[in-house]
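K.L.:
All I have is the shape, not the residue letters:
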Ligand SMILES: Nc1nc2c(ncn2[C@@H]2O[C@H](COP(=O)(O)OP(=O)(O)OP(=O)(O)O)[C@@H](O)[C@H]2O)c(=O)[nH]1
């Protein structure tokens with residue numbers, strides 16, 4: 001409500017006898033429904049009426065306040081005498097202006113209040129009192145503190161991007177004084193929790209909802225930050241989001257990534273809160289931009305990691321990633337006493353393919369081999385390229401017999417799958433395979449060396465066969 005309008009409204013309540021002549025029940029009828037604190041004074045700034053919101057906000061009962069100067073509400077007496085008097089004096093010209101002042105509750109706690117004030121005039125124009133409307137504003141100190149925390153998190157090189165996002169959600173929860181924080185991923189009509197922090201521990205990442213039944217559908221249709229501080233009293237009180245989740249307060253903003261919608265960042269709570277102010281909307285937009293930047297960095301890092309571990313030609317894990325996986329598997333098998341077998345595979349006479357049909361044909365043969373190799377074996381089996389035409393298979397839980405079977409299956413598949421180089425040229429591949437099974441306390445290097453040794457034996461014995469390694473090489 002604008003101050004000038006406020007003045008007009010109060011005029012109707014006041015007669016020439018001043019504010020004291022009005023029955024408090026009339027004020028109560030008008031102002032008790034307000035969510036803001038309403039304080040009415042006489043012309044000497046003594047309180048004649050406060051509404052219930054004032055009692056809640058300042059922690060005083062009506063009777064404790066009636067007759068007191070409004071000084072009792074200010075944290076700083078100077079504000080009462082200077083700031084207050086600028087507005088609350090009989091010749092005040094200040095009308096349509098919101099201002100912030102530090103107030104003090106009955107328990108001594110201080111808070112910033114966003115205040116609107118007006119002079120109350122009787123019908124003949126004489127000033128009979130003042131009316132002030134106060135709602136708590138988050139303090140500048142708190143906003144600065146929040147900004148500082150955001151900066152500390154984003155600049156911390158020891159944190160992963162995911163850790164940073166989770167910490168930002170906590171900072172947002174603290175700032176808004178809410179209970180649940182979510183970064184959602186939205187694809188089509190599906191809303192998935194990507195990250196969450198829930199003080200009640202009820203939310204879990206990867207939970208999905210139908211977007212149309214969430215609060216975020218309002219954020220998306222607005223295309224910018226949206227806040228509801230008391231949903232039961234808002235225009236969305238009948239929306240399924242309220243029936244589904246029963247959150248009274250919500251503030252959310254869309255997250256865009258590389259120009260596309262990614263999802264939302266949102267904070268909510270089953271209890272109503274004070275109305276969200278402009279600063280809150282600026283802050284959630286800043287959080288959304290920061291999360292978007294972190295998600296972008298995370299995706300870039302993942303892509304770089306993927307590229308660094310994948311063989312560019314075949315798409316199989318490269319030597320580095322393959323050796324890492326072998327180390328992990330040997331470690332797991334040694335700890336849990338499970339078997340682990342390794343196949344060392346070398347394509348026979350591969351050089352002749354290059355020589356006969358060119359390097360591109362050799363590349364095609366390697367790609368086709370990788371495709372067929374990926375089709376044999378179980379989901380838990382691992383196939384990697386460790387050199388030119390050298391590949392390995394790691395088979396967790398498999399013994400020599402099962403590994404030999406896989407080697408032979410692959411040989412058979414290759415034998416019946418000609419690779420077409422165009423212009424009528426084609427060939428099938430044969431492989432020499434060495435198999436070794438992890439022995440007690442054996443190192444990854446030794447296991448692989450035994451499989452290689454067995455593969456060379458297969459070559460020596462005429463190629464196109466599987467050879468089983470015997471014992472540890474000393
Ligand atoms: N086209 C192509 N050829 C490759 C690639 N990497 C390695 N090679 C070739 O693979 C061939 C390997 O040949 P060799 O090690 O002599 O063995 P081979 O001809 O397979 O004979 P055996 O292993 O003894 O059966 C070499 O000619 C390499 O140039 C690649 O990425 N693409």
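P.N.:
Alright, I've got the coordinates. Remember, it's a predicted structure, so these values are computed and weren't measured experimentally. Numbers count the residues shown, from 1 in each chain.
K.L.:
Please list all residues in contact with residue 420.
P.N.:
residue 426 (CB atoms under 8 Å, 6 or more residues apart in numbering). (Each C-beta comes from the backbone N, C-alpha and C, glycine too.)
K.L.:
partners of whichever strand or helix holds it, with directions?
P.N.:
In the assignment (DSSP states H and E), residue 420 maps to strand 419-422. If you go by DSSP bridges, strand 419-422 pairs up with strand 425-427 (antiparallel).
K.L.:
Tell me the buried residues in whatever helix or strand comes next after the strand it pairs with?
P.N.:
Sequence-wise, the next helix or strand downstream of strand 425-427 (DSSP H and E) is strand 431-437. For strand 431-437, the buried set under the neighbour-count rule, 16 or more other CB atoms under 10 Å, comprises 431-437.
K.L.:
ok, now stretch 321-335?
P.N.:
Buried-residue list, stretch 321-335, by 16+ other CB under 10 Å: 321-323, 325-326, 329-330, 333.
K.L.:
circling back to that earlier point, would you mind giving the buried residues of strand 431-437 as a markdown table with distance to the ligand added?
P.N.:
Formatted as a markdown table, the buried residues of strand 431-437 follow (distance: CB to the nearest ligand atom, whole Å):
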| residue | distance to the ligand |
| --- | --- |
| 431 | 9 |
| 432 | 7 |
| 433 | 12 |
| 434 | 12 |
| 435 | 17 |
| 436 | 19 |
| 437 | 24 |
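K.L.:
What distance do you get for residue 360 to the ligand?
P.N.:
7 Å (CB to the nearest ligand atom, to the nearest Å).
K.L.:
how about the helix or strand in which that residue is found: buried residues?
P.N.:
Following DSSP H and E, one finds residue 360 within helix 359-375. By 16+ other CB under 10 Å, the buried positions in helix 359-375 come out as 361-362, 364-366, 368-370, 373.
K.L.:
What about residue 202, how many residues nearby?
P.N.:
By other CB atoms under 10 Å, 10 other residues sit near residue 202.
K.L.:
before we move on, back to that, can you name the next helix or strand after the helix holding residue 360?
P.N.:
strand 382-385.
K.L.:
which other helices and strands contact that next one?
P.N.:
helix 319-336, helix 359-375, strand 390-396 (3 or more CB pairs under 8 Å, 6 or more residues apart in numbering; DSSP states H and E).
K.L.:
Tell me, how many residues neighbour the residue of the stretch 201-350 of the chain found nearest the ligand?
P.N.:
Relative to the ligand, the nearest point of the stretch 201-350 of the chain is residue 350 (3.3 Å; CB to the nearest ligand atom). By other CB under 10 Å, 18 other residues sit near residue 350.
K.L.:
what's near enough to touch it?
P.N.:
Per CB under 8 Å, 6+ apart, neighbours of residue 350: 362, 365, 388-389.
K.L.:
Now the two most distant members of the residues you listed.
P.N.:
365 and 388 (11.4 Å; CB to CB).
K.L.:
can you tell me which residues contact residue 67?
P.N.:
46-47.
K.L.:
try 10 Å this time
P.N.:
The contact partners of residue 67, taken as CB atoms under 10 Å, 6 or more residues apart in numbering, are 42, 46-48.
K.L.:
Quick one: buried ones out of those?
P.N.:
42, 46-48.
K.L.:
ok, of the residues you listed, which one's closest to residue 182?
P.N.:
residue 47 (43.0 Å).
K.L.:
Which helix or strand contains the closest one?
P.N.:
Residue 47 belongs to strand 47-50, assigned by DSSP H and E.
K.L.:
And the average pLDDT for the helix or strand immediately after that strand in the chain is what?
P.N.:
Going down the chain from strand 47-50, the next helix or strand is helix 52-58, by DSSP H and E. Here helix 52-58 scores 92 as its mean pLDDT.
K.L.:
likewise stretch 433-443?
P.N.:
On average, stretch 433-443 scores 96.
K.L.:
Check stretch 170-186 too.
P.N.:
Here the average pLDDT along stretch 170-186 is 96.
K.L.:
and for residue 365 and residue 388, which residues touch both?
P.N.:
Common neighbours of residue 365 and residue 388 (CB under 10 Å, 6+ apart) are 347, 350, 354.
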